[in-house]
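Q: predicted model and sequence below, questions to follow.
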Amino acid sequence: MSKKNKPTHTSAGEVIARAEQMLARGNFLLALRGFKEAERLGAGAELTAKIALCDREIRKETADRLVKNARRLQSAGKVEEARAALAEAHALLPEDAAVGERCAALEDAFARQQGAHLARIRLQAGDLSGAAELFAANAAALADDSSRRVAAQTLLAAGRDGEALAILERISQLAEVDRYAYGLALARLGRHADCLVQWRQIAGDDPELAAQRMAVRALWTADLYARAATPGDLGKLLAEGRELLAYGEDPERLGPLLRHCRVGHFRELWLAGRFAEIAALLDPEPSERDPVWLAFYAKLFRRLAEMDATFVAPLSRFWLSAVLSPELAAGSALDPAGREWLRNELVQMGEAILRRHADAQAPGAAAELAVFLAEKQVLAELSAVAGTAGSSLPLPLLSPRLALGTPHQESLRAFTIKHAAAFASHFRFLETAAFYSTAAASMLLLEEGEYERAYKSLPAAAGSEVQRYARDKVTFFFGLCCMDTGRTVLPDFYDRASDYLAAAPGAENDIVALARDAVEQSHLAVYEALLDRIYRERPRPELARALSLVITYSDAVAYMAGTKAIADSVAALQRALELDPANQLARTGLDAVQQHRTMRNLVKALDRGKLDRACAIAAESGSSDVRDAFFEELGQMLAHLDAHSAQCTHEIPTLEQMHRWAERLDPHHPTAAAIRVRMAQCRKW
């Protein structure tokens, strides 16, 4: 018989062993078959428990698959099919509580779905209240945006705003009609800000919607006033008031509320020492330039700037207008002299803080200090003019920065022009008026050192004398900046510079200062050429002194660099002295150059053995240094004779010649005495 057809006999034990392996692997179906086969082969009753275990696990796997399928069907809206799948799973595992709970939940969902369907039927029948009741009870069954939209609109119409809002929040893609309903529900619930957020996203200019927005703002305003009447969080009210303003509420309507909240909240923060929080809540500057608010800004930023350099800018901006305010001074109990003393002390206090930060090289502090000092001068001029003219200052008295762009700028400009004759000089009038003119922004940028921005900010027209002065000044300093950085000078620079120097006494010193600090000969040459050109056109003693100094600086740099001949240097310094005979720097330089030339001629004569010529040069120079150099040469000659001559009678002619040279220059010089001693020794021989 072939091996293939040979009958096999498998024992019950072998079958049980394979079934145990399947059971361990979790293959309950094959394990069940194995255990049943072993039972048929006569195995013991101990297999009953294992067969029951495998049967239960198989039913559980099947039930799990049915539950998963039911979930998928429920998500797809196929509630009937999901119910059938869960019922089958429950029949397989009636003892499994989780499956039973799932079946109950699905039955509930089905009921809700039926309830939502019934709600739509009642709505079509005109039963708004009944439909709203059913929609509210069965909201969870609303599976899509369309049904949620209908339900929300029904609930909103029935006045059930909270339930409508809960459904609207579940709409995945809000259309404009949804946003309107959303905003309406929020407004009815007192959430006015959230309402306006939704309505702001509705496009178009629908008059009805605009009216409703206005109504919501009015309700919000009324709510804020009601809440402000009772103790509460003033900071929160202030934040809401600012937000309401941003949504377009009338500032006049909100003004009293905001002032009340701002003052109260700021008082709380001030007492707690939370000054930085106050600064964060403040507007960048008081819109009305109210003196009381300016004083508050000034005091706040003084406290902050004392500790933190980042606050130097607002301190510089508000301090002068606050401490020099005539309105605040009028309420002081001090007499006029006392008020003046106090104002000066306060000005110095702010200036000291700015200087401290500028000395520490805090970012921006130097520029803020420069503008502060310029504005300090401007306000001092206005106060002096008011006293001289016996006229009252325009109120409020504002620094150029705070006046810029306000009606006060024009009133202050008109005051300066009206009282031009009362200024200490015409230049002081032009300088002060320029800070309140149409070129005020450029003048302020100039003080900050922003020369190019200042030039580009100049107004196109410069018709009045003040405007021309401002343009001349800005162009002058921007031109100097271009010179200093090697950039091309503006075409009208020289004419503007000439006009500015003619109008501004002492302005030529700015060029002198640049020349004094310059290290590049090319820069010095440009400054010299600038002053020379202006001096030739409009010669004045001040320009002559400035040009003399710049020529001296330029010559010193060139001479030390070895790029200028002695003769050229002498000529330049002589011209500097012609321009300003009191220029001691030029005189000292000329003496040094001439002595250098004399010393060089002396050395040249000595090198060529022309001692008569060298002696004449030393005698004519009148310089002790040149004379000492010649005596040093005589001393070396004498030492040479001492070292090489034991018998010195033949040296007497040379010594006599040396003695004549020494006698001509200084008979009392030690070298002259040494020559005489040597001559006496030689004659003894």
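A: Great, that's in hand. Numbers count the residues shown, from 1 in each chain.
Q: and residue 265, what element?
A: In the assignment (DSSP states H and E), residue 265 maps to helix 251-271.
Q: show me what that helix is packed up against.
A: Here helix 251-271 touches helix 207-228, helix 234-246, helix 275-281, going by 3 or more CB pairs under 8 Å, 6 or more residues apart in numbering; DSSP states H and E. Heads up, the C-betas are built off the backbone N, CA and C, glycines and all.
Q: out of the ones you listed, the one nearest residue 655 is which?
A: Distance to residue 655, taken as CB to CB, is lowest for helix 275-281 among the helices and strands packed on helix 251-271, at 90.7 Å.
Q: need the residues that contact the helix or strand immediately after that closest one in the chain.
A: Using DSSP H and E, the next helix or strand after helix 275-281 towards the C-terminus is helix 291-307. The contact list for helix 291-307 (CB atoms under 8 Å, 6 or more residues apart in numbering) reads 266, 275-276, 278-279, 282, 285-286, 311-312, 314-315, 318-319, 321-323, 325, 327-328, 349-350, 353-354, 357, 396, 402.
Q: among these, which are in helices?
A: Of the contacts of helix 291-307, the ones assigned to helices by DSSP state H are 266, 275-276, 278-279, 312, 314-315, 318-319, 321-323, 327-328, 349-350, 353-354, 357, 402.
Q: for ChimeraX, what selects the buried ones among the contacts of helix 291-307?
A: Typed into ChimeraX, the line below selects the buried ones among the contacts of helix 291-307, using 16 or more other CB atoms under 10 Å:
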select :266,275,276,278,279,282,286,311,312,314,315,318,319,321,322,323,325,328,350,353,354,357,396,402
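Q: coming back round to it: and the helix holding residue 265 with helix 207-228, angle?
A: With axes from the mean of the first three to the mean of the last three CA atoms, to 10 degrees as the basis, helix 251-271 and helix 207-228 are set at 30 degrees to each other.
Q: quick one, phi psi at the residue lying closest to residue 178 once chain neighbours are set aside?
A: Take residue 178 and drop its neighbours on the chain: the residue closest to it by CB to CB, 6 or more residues apart in numbering is residue 171, 5.5 Å away. In terms of degrees, to the nearest 10, the main-chain angles of residue 171 are phi -70, psi 120.
Q: same question, residue 405
A: Dihedral angles (degrees, to the nearest 10) for residue 405: phi 80, psi 10.
Q: now do the contacts for it.
A: Residue 405 makes no contacts at all, as judged by CB under 8 Å, 6+ apart.
Q: let me know the pLDDT of it.
A: On the pLDDT scale, residue 405 is placed at 88.
Q: then residue 128?
A: pLDDT, residue 128: 63.
Q: mind listing what the residue nearest to residue 178 touches?
A: Contacts for residue 171 (CB under 8 Å, 6+ apart) come out as 145, 148-149, 152, 178.
Q: equivalent analysis for residue 346, please.
A: 319, 323.
Q: how about 7 Å then?
A: Residues in contact with residue 346 (CB atoms under 7 Å, 6 or more residues apart in numbering) are residue 323.
Q: tell me which residues of the helix or strand where it lies are tucked away?
A: For residue 346, the host element (DSSP H and E) is helix 336-359. Across helix 336-359, burial judged by 16+ other CB under 10 Å covers 339, 343, 346-347, 350-351, 353-358.
Q: and that helix with helix 291-307, angle?
A: Orientation of helix 336-359 against helix 291-307 (the same axes, to 10 degrees) gives an angle of 40 degrees.
Q: hmm, back to that, out of the contacts of residue 171, who's the most crowded?
A: Ranked by the number of neighbours (other CB atoms under 10 Å), the contacts of residue 171 place residue 152 first, at 28 neighbours.
Q: for the host helix or strand of that one, give the mean pLDDT please.
A: Secondary structure assigned from DSSP H and E places residue 152 in helix 145-157. Averaged across helix 145-157, pLDDT comes to 72.
Q: what's the helix or strand that comes right after it packed up against?
A: Sequence order places helix 161-168 as the next helix or strand after helix 145-157, per DSSP H and E. Helices and strands touching helix 161-168, by 3 or more CB pairs under 7 Å, 6 or more residues apart in numbering; DSSP states H and E, are helix 145-157, helix 176-188.
Q: packing partners of the last one?
A: I take that to be helix 176-188. helix 145-157, helix 161-168, helix 192-200.
Q: need the contact partners of it.
A: Residues outside helix 176-188 that contact it (CB under 7 Å, 6+ apart) are 149, 152-153, 156, 161, 164-165, 168, 171, 174, 194-195, 198-199, 201-202, 216.
Q: go again using 6 Å as the cut-off
A: Helix 176-188 is contacted by residues 152, 156, 161, 164-165, 168, 171, 194-195, 198-199, 201-202, 216 when judged by CB atoms under 6 Å, 6 or more residues apart in numbering.
Q: turn those into a markdown table, including distance to residue 464.
A: Output for the contacts of helix 176-188, formatted as a markdown table (distance: CB to CB, whole Å):
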| residue | distance to residue 464 |
| --- | --- |
| 152 | 67 |
| 156 | 65 |
| 161 | 65 |
| 164 | 67 |
| 165 | 64 |
| 168 | 64 |
| 171 | 65 |
| 194 | 55 |
| 195 | 54 |
| 198 | 54 |
| 199 | 51 |
| 201 | 51 |
| 202 | 52 |
| 216 | 51 |
